[in-house]
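Visitor: coords below, sequence missing:
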């Protein structure tokens, strides 16, 4: 969908229905990720004993999403 002046309200190529469905799903990440990865929300990073490789952590303070990378006993949170 575009206008004659080149404005595209849905630059990702989504239809209006697809865009509104994505917005409705985005607020409920724990349900969307359920069954795919483990997901935690907090303002403090989870510790290595409670995390598995690939887990997702949503930092509620910075509003950033991180994925866990574990090497031995070292845990790295990589922002995605």
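Guide: Received the coordinates, thanks. On a predicted model such as this, the values are computed, not experimentally measured, just so you know.
Visitor: residue 79 and residue 45: what is the separation?
Guide: Per CB to CB, to the nearest Å, residue 79 is found 12 Å from residue 45. Heads up, the C-betas are built off the backbone N, CA and C, glycines and all.
Visitor: just the strands in the protein please.
Guide: 39-42, 56-59, 64-71, 74-79 (DSSP state E).
Visitor: most tightly surrounded among these?
Guide: strand 56-59 (a mean of 19; mean count of other CB atoms under 10 Å).
Visitor: kindly list the longest helix within the protein.
Guide: helix 16-26 (DSSP state H).
Visitor: name the helix or strand of the chain that has the lowest mean pLDDT.
Guide: helix 29-33 (a mean of 68; mean pLDDT, DSSP states H and E).
Visitor: can you give me the buried ones in the longest helix of the chain?
Guide: residue 19 (16 or more other CB atoms under 10 Å).
Visitor: output the contacting helices and strands for it.
Guide: For helix 16-26, not one helix or strand is in contact under the criterion 3 or more CB pairs under 8 Å, 6 or more residues apart in numbering; DSSP states H and E.
Visitor: bridging residues for the residue nearest the centre of the chain?
Guide: With distances taken as CA atoms, centre = their mean, the residue of the chain nearest its centroid is residue 65 (5.4 Å). Beta bridges link residue 65 to residue 58 when assigned by DSSP bridges.
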